[in-house]
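Student: okay, sequence plus prediction incoming.
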Amino acid sequence: MRALRWHGKKDIRCDNHVPDPSIEDPRDAIVKVSSCAICGSDLHLYDGFMPGMTHGDIMGHEFMGEVMEVGSANKKLKVGDRVVVPFTISCGECDQCRRGNFSVCERSNRNAKLADKLFGHTTAGLFGYTQLTGGYDGGQAEFVRVPFADVGPVVVPEGMTDEQALFLGDIFPTGWQAAVQCDIQRTDTVAIWGAGPVGQFTIRSAILLGAEQVICIDNVPERLSMARAGGAITINFDEESVVERLSELTKGKGPEKCIDAVGMESHAARSIDAMYDRIKQATFMETGRPHVLREMMYVCRPGGTLSIPGVYGGLLDKLPFGAAMNKSLTFRMGQTHVQRWADDLLKRIQDGQIDPSFVITHTAKLEDGPDLYKTFRDKHDGCVKVVLKP
Amino acid sequence: MQRKSSREYRTNHAAHKAARSLGWLSIGLGVAELLMPRALASTVGLPGRAGLLRLYGLREIATGVGLLMTDKPAPWIYARIGGDALDLATLGVAAQRGNEPVNTAIALGGVAAIAAADLACARGLGKEKQLVTVYDYSDRSGFSEPAEKMRGRAAAGDGSINDAPQVSGMQAADRETAKRP
């Protein structure tokens, strides 16, 4: 089969003659991918900021398609079902899965010992996302083996297009969880850093959940125009001071809820702390650039909540924890418990509350993937979200 | 979904910010050269050239003030690049004389780094003269009705998240496990 594989930093290729996957466990399924997407967190692998990638790893954790084969113990799926697959692999039976904490499943990470050493405890296996999370083959391919396929995959109803359903596997639930875990009240101002795909879904989730005012911070005009379309007030950090504008919009109180939809590769490159982070990152003294986290801790209203769907992989430096502690801030974060939200969000799409396809700006063939990684990374050509058709 | 686009010139905010920073740097360097020309001249291996250093200091202050006073910084950045070339040539002479080889080499490195920043800024400002395609996504709300009408649609009652019909915790786990034998 053909697949997009990681061959090193900034080196992703569309390889032919990659071995087809096969059923390895009775609960597995094999899915023929009809649509897959490039996620912002794939860029952390592309740029070489996440440890644990190995030569030849198949990329991609946002995908959907048709079930081609099911294991003997899988009673949920049948051949021919159209499914969207959550990026988190969950067994559905361990203590964490039973608590609804699917993204920290205790059994699905094949390399749990590695994760234990790095993080203290293992987290769930993820598709196409380093050896630390199981080293599972990803979905930017013609076929994928889906482990525990009787738990995660969501059967897509007839009449719903790939473009409407695809993002149930990651970015829609991720934006939704980011908003939900803020416990949004009708009087809240929600500030969202990052107008990328997750930021866009977070904006719409915050609106649907009733936030009085939603503010989005970015510097890409196209993304800001999409954010405004979704109901956000926008701040272009190239043109105005984020701290001053947020203060003005909240009458000096600060936003009650702050959401980091950026993660470890913050691009506020002109601030002094961002330059400091770039130097430390380049000299392997820090793994992330937490400019957004610092800004959120500083501007958030005392007693407020910081929600962090943005991905971080290791060590961060110079966080104003004194401000966070003394302001009684609450931190909520984590990989998305996709299985917790997907069915509910599917109904919202069916009800017409939202059509997730609004975010797609580029659709192409799988072999165009390597070029589109670069386009997406550089935010060229108005790129917000890339969908590939294998 | 079709994309609406137009061709326009786009302000490079990053380059403008960099130009302002370089303006302040320029003034700082100029003041230092004006206030302690002898010490600086002998440190970089040009003893007895205090007058030259004062002139260079005036040049730095002039370009710095120019950069901070204007909305069109490109000519002033080109002036800075010319000044960098002059500084490098002068330090080249000092290197040949070999009075303070280590200090001269450090100064050369510093000037080269600043010259690289000036060149990057000039390149960024140059991009403003290129027409770029700008996409307009203002029609992509994703909602079936205007965003203002969708506010709170997922929340019931008083708008608390507790009233929203989430599938969470044990309920979600039970839903998953109940389907298996």
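Tutor: Done, it's in. This structure is a prediction, so every number in the text was calculated from the model and none was measured.
Student: the helices in chain B, which residues?
Tutor: Remark: helices assigned in chain B by DSSP state H are B:13-35, B:37-43, B:50-69, B:74-97, B:101-126, B:147-150, B:169-178.
Student: any residues of the stretch 101-250 of chain A in contact with chain B? List them.
Tutor: A:102, A:150-151, A:180, A:183-186, A:200, A:204-205, A:207-211, A:219, A:221-223, A:225-226, A:228-231, A:236, A:238-239 (Cβ under 8 Å from any Cβ of the partner chain). For glycine as for every other residue, the C-beta is placed from the backbone atoms N, C-alpha and C.
Student: now with 7 Å, please.
Tutor: Taking Cβ under 7 Å from any Cβ of the partner chain as the contact definition, the stretch 101-250 of chain A meets chain B at A:150-151, A:180, A:183-186, A:204, A:207-210, A:221-222, A:225-226, A:228-231, A:238-239.
Student: for the residue nearest to B:A112 when sequence neighbours are not counted, give me its contacts.
Tutor: Leaving aside its sequence neighbours, B:A112 sits nearest to B:L88 (Cβ to Cβ, 6 or more residues apart in numbering or on different chains; 7.0 Å). Listed by Cβ atoms under 7 Å, 6 or more residues apart in numbering or on different chains, the contact partners of B:L88 are B:108, B:111, B:115.
Student: next, A:E248: secondary structure please.
Tutor: helix (DSSP: H, G, I helix; E, B strand; the rest coil).
Student: now do stretch A:273-285: distance to the chain's middle.
Tutor: 24 Å (Cα atoms, centre = their mean, to the nearest Å).
Student: what is the mean pLDDT for that stretch?
Tutor: Taken as a whole, stretch A:273-285 has a mean pLDDT of 77.
Student: what of stretch B:73-84?
Tutor: Mean predicted confidence for stretch B:73-84 is 96.
Student: quick one: the helices in chain A?
Tutor: Counting by DSSP H, the helices of chain A are A:42-46, A:95-98, A:112-119, A:162-165, A:171-180, A:197-208, A:221-229, A:242-249, A:272-282, A:291-299, A:321-326, A:338-350, A:369-378.
Student: any chance of CSV for those helices, columns distance to B:P101 and mean neighbour count?
Tutor: Below are those laid out as CSV (distance: least, Cβ to Cβ, whole Å; neighbours: other Cβ atoms under 10 Å in any protein chain shown):
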stretch, distance to B:P101, mean neighbour count
helix A:42-46, 44, 22
helix A:95-98, 64, 20
helix A:112-119, 48, 15
helix A:162-165, 66, 20
helix A:171-180, 57, 28
helix A:197-208, 53, 30
helix A:221-229, 50, 24
helix A:242-249, 47, 16
helix A:272-282, 28, 15
helix A:291-299, 40, 23
helix A:321-326, 46, 12
helix A:338-350, 63, 21
helix A:369-378, 43, 18
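Student: which of the ones you listed comes out lowest on mean pLDDT?
Tutor: Among these, helix A:272-282 scores lowest, with a mean of 78.
Student: so it, near chain B or not?
Tutor: No: residues of helix A:272-282 are not located near chain B by Cβ under 7 Å from any Cβ, the shortest gap being 10.1 Å.
Student: contacts for that helix, please.
Tutor: A:266, A:268, A:286, A:289, A:291, A:294, A:317-318.
Student: nearest to chain B, of these?
Tutor: A:A268 (10.3 Å; Cβ to the nearest Cβ).
Student: for chain B, which spans come out with low pLDDT?
Tutor: Applying pLDDT under 70 to chain B flags the ranges B:156-181.
Student: at 50 what do you get?
Tutor: Scanning chain B with the threshold set as pLDDT under 50 gives B:157-161, B:164-165, B:168, B:176, B:179-181.
Student: distance to A:V67 added to the contacts of helix A:272-282, as TSV?
Tutor: Shown next, in TSV, are these (distance: Cβ to Cβ, whole Å):
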residue	distance to A:V67
A:S266	39
A:A268	44
A:E286	43
A:R289	40
A:H291	43
A:R294	45
A:D317	46
A:K318	48
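Student: any chance of those in CSV, with distance to chain B too?
Tutor: Converted to CSV, these look like this (distance: Cβ to the nearest Cβ, whole Å):
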residue, distance to chain B
A:S266, 14
A:A268, 10
A:E286, 22
A:R289, 16
A:H291, 15
A:R294, 19
A:D317, 23
A:K318, 21
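Student: most neighbours among these, please name it.
Tutor: The residue in these with the most neighbours, by other Cβ atoms under 10 Å in any protein chain shown, is A:R289 (28 neighbours).
Student: need the residue closest to the centroid of chain A.
Tutor: Nearest to the geometric centre of chain A sits A:I171, at 5.1 Å (Cα atoms, centre = their mean).
Student: that one contacts A:P197, doesn't it?
Tutor: Yes: in this structure A:I171 lies within contact range of A:P197 using Cβ atoms under 7 Å: 4.9 Å.
Student: distance of the residue nearest to the centre of chain A from A:A323?
Tutor: 30 Å (Cβ to Cβ, to the nearest Å).
Student: now do the contacts for the closest residue to A:H337 other than its chain neighbours.
Tutor: Among residues not flanking A:H337 along the chain, A:F102 sits closest, at 4.4 Å (Cβ to Cβ, 6+ apart). Each residue near A:F102 by Cβ under 7 Å, 6+ apart is listed here: A:88, A:90, A:124, A:337-340.
Student: can you tell me which two in those residues are farthest apart?
Tutor: The most widely separated members of the contacts of A:F102 are A:A124 and A:R340, with 12.3 Å between them, by Cβ to Cβ.
Student: in chain A, what helix or strand scores lowest on average pLDDT?
Tutor: Of all helical and strand segments in chain A, the minimum by mean pLDDT, DSSP states H and E falls on helix A:272-282, at a mean of 78.
Student: outside of stretch A:172-190, which residues touch it?
Tutor: By Cβ under 7 Å, 6+ apart, stretch A:172-190 touches A:198, A:201-202, A:205-206, A:209-215, A:249-250, A:255-257, A:259, A:261, A:305, A:307, A:309, A:332, A:336-338, A:341-342, A:345, A:356, B:152, B:159-161, B:166.
Student: any idea how many residues pack against B:A89?
Tutor: Count around B:A89 with other Cβ under 10 Å applied: 9.
Student: picking up where we left off before, now the least confident helix or strand of chain A against helix A:291-299, angle please.
Tutor: Helix A:272-282 runs at 140 degrees relative to helix A:291-299, counting by axes from the mean of the first three to the mean of the last three Cα atoms, to 10 degrees.
Student: gap between helix A:272-282 and the chain center?
Tutor: Worked out by Cα atoms, centre = their mean, helix A:272-282 lies 24 Å from the chain centre.
Student: now do the contacts for residue 47.
Tutor: If you meant another chain, say so; for now it's chain A. A:9-10, A:265.
Student: switch to chain B, that's the one I care about
Tutor: Here B:P47 is in contact with B:41, B:99 (Cβ under 7 Å, 6+ apart).
Student: and residue 147, what does it touch?
Tutor: Using chain A. By Cβ under 7 Å, 6+ apart, the neighbours of A:P147 are A:25, A:28, A:89, A:108, A:136.
Student: hm, I was asking about chain B
Tutor: By Cβ under 7 Å, 6+ apart, the neighbours of B:A147 are A:207, A:230-231, B:141.
Student: please report the distance of B:L67 from chain A.
Tutor: Per Cβ to the nearest Cβ, to the nearest Å, B:L67 is found 15 Å from chain A.
Student: which non-adjacent residue is nearest that residue?
Tutor: B:L67 sits nearest to B:G23 (Cβ to Cβ, 6+ apart), 3.1 Å away.
Student: ok, A:N111 touching A:Y136?
Tutor: No: the criterion here is Cβ under 7 Å, and A:N111 misses it with A:Y136 at 9.8 Å.
Student: compare these two (neighbour count), which wins?
Tutor: Per other Cβ under 10 Å, whichever of A:N111 and A:Y136 has more neighbours is A:Y136, with 26 against 18.
Student: farthest pair within the contacts of B:A147?
Tutor: A:I207 and B:S141 (9.4 Å).
Student: on that earlier part again, nearest to chain B among the contacts of A:D47?
Tutor: A:E265 (16.3 Å).
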